[in-house]
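Q: The sequence isn't on hand, but the structure is:
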């Protein structure tokens with residue numbers, strides 16, 4: 001066997017890179033991680049997941065938004081929230097997470113190398129760092145985990161004062177009074193809610209007739225209704241045509257001919273894979289028009305070059321931190337023949353930190369209809385439970401989808417407070433091929449939102465019993 005400097009070189013220090021590297025190093029494989037930025041964490045810690053979710057909590061706290069839900073109070077939004085207040089907690093959490101990631105690399109004895117990496121050949125990575133000589137790393141295995149960045153169309157006049165993408169919005173100099181958000185996907189919908197909670201006048205433009213059109217339509221409708229109650233102006237089935245900068249405002253012309261004016265604009269429509277500098281074309285590894293690594297084996301995450309793997313946002317959807325970590329772990333289990341993990345979980349959760357929060361796993365009503373799967377739906381709302389009343393969440397909902405008449409759980413959809421935590425109960429049931437009896441027979445703490453599951457199941461049980469009686473009759 002050829003001698004290499006390392007068993008594994010990871011390119012990228014985000015969640016996929018960190019966890020993939022730690023997986024290999026945990027089992028004794030000599031590992032290096034190359035990161036072009038000074039800080040670890042990639043988009044997850046620095047510009048995406050952690051940053052936006054912390055800002056969401058800051059917005060809800062500083063604005064008094066949650067207080068308005070309690071006991072019928074009509075608390076007004078604080079009008080004097082400063083940018084420093086808004087960003088304070090985000091900065092703290094980011095610092096802690098960067099330190100955690102660094103400690104994780106140290107704990108696993110992973111060599112951390114600062115610089116921009118390119119792949120010279122299947123076993124050689126070249127690292128270029130300003131102010132020092134280039135370094136060649138020979139390695140048995142390469143993991144590409146370079147993540148993604150916001151799309152920045154050439155016709156959009158991005159700047160650091162008024163026109164932002166989802167990265168640069170975190171470096172804004174002051175809180176504007178109004179904002180136009182372009183893109184009603186996860187990022188655009190999350191930021192629209194955050195800034196509306198702070199009292200900004202927000203207009204959200206989306207090219208289709210529904211926000212988040214991959215989620216169950218009932219849940220999506222509830223989200224859109226909630227956003228309208230927050231005075232977010234939804235402009236659907238429309239798209240951006242052009243943007244012009246005035247002395248004191250941003251003007252956006254839409255494809256429909258409608259014109260909007262606001263203090264600021266956030267362009268949140270699409271992301272591109274960070275593959276420009278890697279030299280993948282020379283290796284015969286295909287890259288798509290948006291920079292994502294293509295033809296990656298979904299079972300092993302091998303690229304077209306067998307000893308080079310790719311995981312995380314750089315390979316495209318679902319582009320979630322949770323799935324990125326697991327993809328990288330699984331890739332390294334395959335690369336180093338680690339038998340304890342052999343496949344990805346068949347059911348993956350989505351956590352969407354809009355206001356209200358949304359999380360789902362498994363089938364929706366629409367996918368059941370498309371696949372011609374007979375089903376029944378059980379629903380129950382937070383407001384019908386003491387815990388929902390206590391926390392003031394009157395609109396929260398758990399929706400369960402069961403096969404009919406068998407009663408096997410096919411999908412779980414949660415809208416409301418801690419939705420991204422609650423979804424795991426239903427997801428666990430689905431993973432172990434559970435059915436409605438899990439919820440009917442289980443005892444849930446009281447008062448809790450978990451107890452909503454039982455009553456959603458009772459709602460479905462009545463329908464199942466009628467179907468079963470008809471079938472047997």
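A: Ah, there it is. All figures in this text were calculated on a predicted structure; none of them were measured in a lab.
Q: Pull the number of nearby residues for residue 28.
A: By other CB atoms under 10 Å, the residues close to residue 28 number 10. For the C-beta atoms, the positions are set from N, CA and C on the backbone; glycine is no exception.
Q: tell me which element it falls in.
A: Here residue 28, judged by DSSP states H and E, is contained in no helix and no strand.
Q: residue contacts, residue 200?
A: 175-179 (CB atoms under 8 Å, 6 or more residues apart in numbering).
Q: Could you pull up phi and psi at it?
A: phi -70, psi 150 (degrees, to the nearest 10).
Q: and if you look at residue 60?
A: Taking degrees, to the nearest 10 as the convention, residue 60 sits at phi -70, psi -40.
Q: can you count the residues close to it?
A: Around residue 60 there are 18 residues (other CB under 10 Å).
Q: Distance-wise, check it relative to residue 156.
A: To residue 156, residue 60 is 30 Å away according to CB to CB, to the nearest Å.
Q: got the contact list for the spatially closest residue to residue 384 that is not a sequence neighbour?
A: Of all residues not flanking residue 384 in the chain, residue 455 sits nearest, at 7.0 Å (CB to CB, 6 or more residues apart in numbering). Contacts for residue 455 (CB under 8 Å, 6+ apart) come out as 380, 384-385.
Q: Could you look up the SS state of residue 455?
A: helix (DSSP: H, G, I helix; E, B strand; the rest coil).
Q: ok so, going back, from the contacts of residue 455, which single one is nearest residue 434?
A: Closest approach between the contacts of residue 455 and residue 434, by CB to CB: residue 380, at 18.0 Å.
Q: For the closest one, give the beta-bridge partners.
A: residue 398 (DSSP bridges).
Q: Let me know the distance separating it from residue 396.
A: In terms of CB to CB, residue 380 sits 10 Å off from residue 396.
Q: And those two? Which one has more around it.
A: Taking other CB under 10 Å, residue 380 and residue 396 do not tie; residue 396 has more neighbours (27 against 23).
Q: out of everything not next to it in sequence, what's closest to the more buried one?
A: Excluding the flanking residues, the one nearest residue 396 by CB to CB, 6+ apart is residue 416, at 2.4 Å.
Q: Could you report the pLDDT at the residue nearest to residue 384?
A: The per-residue pLDDT reported for residue 455 equals 98.
Q: and the contacts of residue 455 as a markdown table, adding distance to residue 232 and pLDDT?
A: Shown next, in a markdown table, are the contacts of residue 455 (distance: CB to CB, whole Å; pLDDT from 0 to 100):
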| residue | distance to residue 232 | pLDDT |
| --- | --- | --- |
| 380 | 27 | 97 |
| 384 | 27 | 95 |
| 385 | 28 | 95 |
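Q: now, which of those sits nearest residue 16?
A: For the contacts of residue 455, the nearest to residue 16 is residue 380 (36.7 Å; CB to CB).
Q: which residues sit in contact with the closest one?
A: By CB under 8 Å, 6+ apart, residue 380 lies in contact with 397-398, 452-453, 455-456, 458-459.
Q: Highest neighbour count among those residues?
A: Tallying neighbours with other CB under 10 Å puts residue 398 at the head of these, with 30 neighbours.
Q: gap between that one and residue 460?
A: Taking CB to CB, one finds residue 398 at 11 Å from residue 460.
Q: Might you list the low-confidence residue ranges for the stretch 1-150 of the chain?
A: Applying pLDDT under 70 to the stretch 1-150 of the chain flags residues 1-2, 64-82.
Q: what are the ranges of the strands in it?
A: Remark: strands assigned in the stretch 1-150 of the chain by DSSP state E, counting those that start in this stretch are 6-11, 31-35, 111-114, 116-121, 124-128, 135-144, 148-150.
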